[in-house]
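[1] Let's see this in three dimensions:
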Amino acid sequence: MYKAEIVRDLHLAYKGLKKEPGLTWLNDMLMRVEAKGMRQLVNFFVKRMGQQDIVGGLLVELQAADQLASMEPAATITSDRQDGAAKVPCDITFEHNAIRADFQCKAVLNMYNEMWIRDFMAWVEATFPKREPGLLLEFRSVVDLNQADFAAFKQWFEANQPGFALGTPVEWTPPNAGKGILIDFMERKKPGFGPGVTWGAAGDYGDVVAVNTDDLRAAFWKRIKLAKRSFGFAPSDTQFNFVLVDVTDSPLYDEEDAYQALYGQHHWGIDQNTMTANYSGHNGSGIYFVEKPDYISGLVFCVRQADRREYAVYPHPQHLSAVETHWTKAPFRLGKAFEA
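    Numbers count the residues shown, from 1 in each chain. Okay, here's the model as predicted:
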């Protein structure tokens, strides 16, 4: 049982997992993964779960291992395995019958400063639980703040919070005198600060956060390049090399955005006889065609559903048939945006 360690050590940004039902869910998953033979992965998580920049990525690995085991209970699943030509260990290796799949798991935690915002919200609730009167925070920030800026902002907040009042917005600006963080306050029916409305980081306080597929493409490509070192064998009909990317902390992105980042924009033509639009594939501007990462079988895009997690698979064009044959069994499936 890991409940005591979770309650004591898990980073406050994941406070939902420190109480029920999240506590039992996480504890039971750790127990299942350990029983499957991956005690090293579980021990590493337990030792490092207080580090916000690490715990998110480890949760992605644990969930993937748990899902793989549930998909095929007879499979052998190992973690941190290094063989063949691999220069570093691979996160998860799945073996069943003649099929082997290596998964390098990456969590994209901070595309729009979500990680630093979550850290601040967890900190402010834990640090001022008896502050009177209680206030809910309406939080807006600009996108180019970094970890050092948020550390400075915490110091400013702590020094100035006694004067915060309902109906009086406050603004913190970084040392460069640019835009920073704007907070307005709403009534809270109990002491302390709590999250009210958190607006996604944008270019200015009033801006709508716009999805930028180029950002997602850059995030994908960075992690695909890093994963190359962990794959010891070339992909084939029986050897699968997957980069599994979790962007669920950046909920602006969906499966369509993943498709465009990997394959390019959907391409439509006009039937001159009927004057109707016909789908004719993609324009080949995505990572698979421009960067040509022939060492991967595909990218797996995590999709968070209300009560479960699914894995949308986007095959490398050279390995489409093999991926379709072996990796469309739940919780894996082809991405919904794979066809128009």
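[2] Tell me where the model's unsure across the stretch 101-250 of the chain.
    112, 177, 207-212 (pLDDT under 70).
[3] any idea where the strands of it begin and end?
    135-141, 170-172, 181-187, 193-198, 239-246 (DSSP state E, counting those that start in this stretch).
[4] Which of the ones you listed has the highest mean neighbour count?
    Across the strands of the stretch 101-250 of the chain, averaging neighbours per residue (mean count of other Cβ atoms under 10 Å) puts strand 239-246 on top, at a mean of 25. Glycine gets a C-beta too; all of them are placed from N, C-alpha and C.
[5] outside of that one, which residues touch it?
    56, 60, 64, 99-108, 219-220, 223-224, 227, 231, 233, 235, 295-302, 311, 313, 319, 322-323, 326-327 (Cβ atoms under 8 Å, 6 or more residues apart in numbering).
[6] before we move on, back to that, with distance to residue 282 as added columns, please give the strands of the stretch 101-250 of the chain in a markdown table.
    Below are the strands of the stretch 101-250 of the chain laid out as a markdown table (distance: least, Cβ to Cβ, whole Å):
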| stretch | distance to residue 282 |
| --- | --- |
| strand 135-141 | 35 |
| strand 170-172 | 44 |
| strand 181-187 | 39 |
| strand 193-198 | 35 |
| strand 239-246 | 19 |
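[7] among those strands, which is nearest residue 83?
    Evaluated over those, closeness to residue 83 peaks at strand 239-246, with 11.8 Å, by Cβ to Cβ.
[8] who does that closest one pair up with?
    Note on strand 239-246: by DSSP bridges, its sheet partners are strand 99-107 (parallel), strand 298-304 (parallel).
[9] Is the closest residue to residue 14 other than its chain neighbours in a helix, a strand, or coil?
    Using Cβ to Cβ, 6 or more residues apart in numbering and skipping residues adjacent in sequence, the residue nearest residue 14 is residue 55, 6.5 Å away. Secondary structure, DSSP: H, G, I helix; E, B strand; the rest coil: residue 55 is helix.
[10] ok, residue 55 - contacts?
    For residue 55, counting by Cβ under 8 Å, 6+ apart, the contacting residues are 10-11, 14, 45, 48-49.
[11] ok, now residue 178?
    Contacts for residue 178 (Cβ under 8 Å, 6+ apart) come out as residue 142.
[12] Same question for residue 45.
    30, 55, 58-59, 62.
[13] my guess is residue 154 contacts residue 120, does it?
    Yes. Between residue 154 and residue 120 there is a contact under Cβ atoms under 8 Å: 6.5 Å.
[14] Compare neighbour counts for those two and give me the winner.
    Taking neighbours as other Cβ atoms under 10 Å, residue 154 and residue 120 compare with residue 120 leading, 23 against 17.
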